[in-house]
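Colleague: Just need the structure, nothing else, for what follows:
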Amino acid sequence: MFTGNGIKLFTGTSHSELADIIARRLGVPLGKAEVTKSGIGETNVRIVESVREDDVYIVSTGCGQVNTALMELCIMIHACKIASAKRITAVVPLFPYARQDKKDKSRAPITAKLVANMIQKSGCDHVITMDLHASQIQGFFDVPVDNLVIVSPDAGGAKRATSIADRLGVDFALFHKERKKANEVSRMVLVGHVQGKTAILVDDMADTCGTLCLAGQHLSEAGATRVVGLVTHGILSGNALQTVMDSTLEKLVVTNTLPQEENVAKCPKIEVVDIGNVLAEVIRRSHYGESVSKLFNEVPY
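Modeller: Numbering: from 1, shown residues only. From the prediction side, this is the model:
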């Protein structure tokens, strides 16, 4: 039985609702931390309770004011480190700047690597994240990274689709995409047969939803009877909700790695899967030194 002894769970301002869900699942109270801003916009953090020799987990996700959330995370890690925490784990469901993971043009930064360095230098010993945009981001860290679903939405998209299709015992199809610039697809070619079938579009994140909805349109035109979108991170920026409403998607299923309450209220096609229990089980297993890889085949209830 999990007692919660020696474990402390803290959160910043990015997604306190998810932190509450994790805390309830673990049966531990959220740690007391004061996060404020000064008059010039600097983030101030005060850890109110002792963390000496504790196993500390800090929940922060890359949404809303992403830069603020990132600085909160780094400062909280540092505060716990100099307060003699035994081990510090960053629980980052949506990794900030994950899409800036490679040098794709001259003088372009690899910002995901910079973020990894910031988190490590703050004093982090371990990172838990979900569905990294590119699996090579794990290699940016010199500390252990538990990536609960490893995908690369472009080169690795076919591998992810075939893996899911094999488990379900269904056929799969894929799109070949050509982009002129980020978030803008110039051409899509469907490879596979969807006539008379239910098509499930799977990706790691939905931002403007332009690509996802365009794919849905192509699938409907190719004879798919139903089209459902399934993504891990529902960023849903700009006119994304209206784009989804106007699309042929029957529904778009997202997880609560980001707050989704407002999106659900505005768009009836949005459905949310709670991943708080999964993250809580990862924390429990990590705390007791148990295997995390088992969760790839077993879903906690």
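Colleague: who's in contact with the closest residue to Ile75 other than its chain neighbours?
Modeller: Leaving aside its chain neighbours, Ile75 sits nearest to Val45 (4.6 Å; criterion: Cβ to Cβ, 6 or more residues apart in numbering). C-betas here are computed from N, CA, C, even on glycine. By Cβ atoms under 8 Å, 6 or more residues apart in numbering, the contact set of Val45 is 33-35, 72, 75-76, 79.
Colleague: contact partners of stretch 279-288?
Modeller: Stretch 279-288 is contacted from outside by 2, 6-7, 9, 18, 21-22, 25-26, 55, 57, 59, 89, 91, 93, 126, 128, 130, 146, 148, 290-292, 294-295, 300, using Cβ under 8 Å, 6+ apart.
Colleague: Tell me which residues of it come out buried.
Modeller: Residues of stretch 279-288 classed as buried by neighbour count (16 or more other Cβ atoms under 10 Å): 279-287.
Colleague: same check, this time on stretch 245-264
Modeller: 245, 247-249, 251-260, 263.
Colleague: Could you work out the end-to-end span of that stretch for me?
Modeller: Distance between the two ends of stretch 245-264: 12 Å, counting by Cα to Cα, to the nearest Å.
Colleague: picking that back up, identify the farthest-apart pair in the buried residues of stretch 245-264.
Modeller: Thr248 and Pro259 (26.8 Å; Cβ to Cβ).
Colleague: Helix or strand: which one has Ala165?
Modeller: According to DSSP states H and E, Ala165 maps onto helix 157-168.
Colleague: Looking at that helix now, give me its mean pLDDT.
Modeller: Mean pLDDT, taken over the full extent of helix 157-168, equals 70.
Colleague: quick one on the thing from earlier: each with direction, which strands does the host helix or strand of the residue nearest to Ile75 pair with?
Modeller: Per DSSP H and E: Val45 is located in strand 43-47. Using DSSP bridges, the strands paired with strand 43-47 are strand 33-37 (antiparallel).
Colleague: Please tell me how far the partner strand is from the chain's geometric centre.
Modeller: Computed by Cα atoms, centre = their mean, to the nearest Å, the chain-centroid distance of strand 33-37 equals 24 Å.
Colleague: which parts of that strand are buried?
Modeller: 33, 35.
Colleague: pLDDT averaged over it - what is it?
Modeller: 94.
Colleague: With stretch 123-132 instead?
Modeller: When pLDDT is averaged along stretch 123-132, the result is 90.
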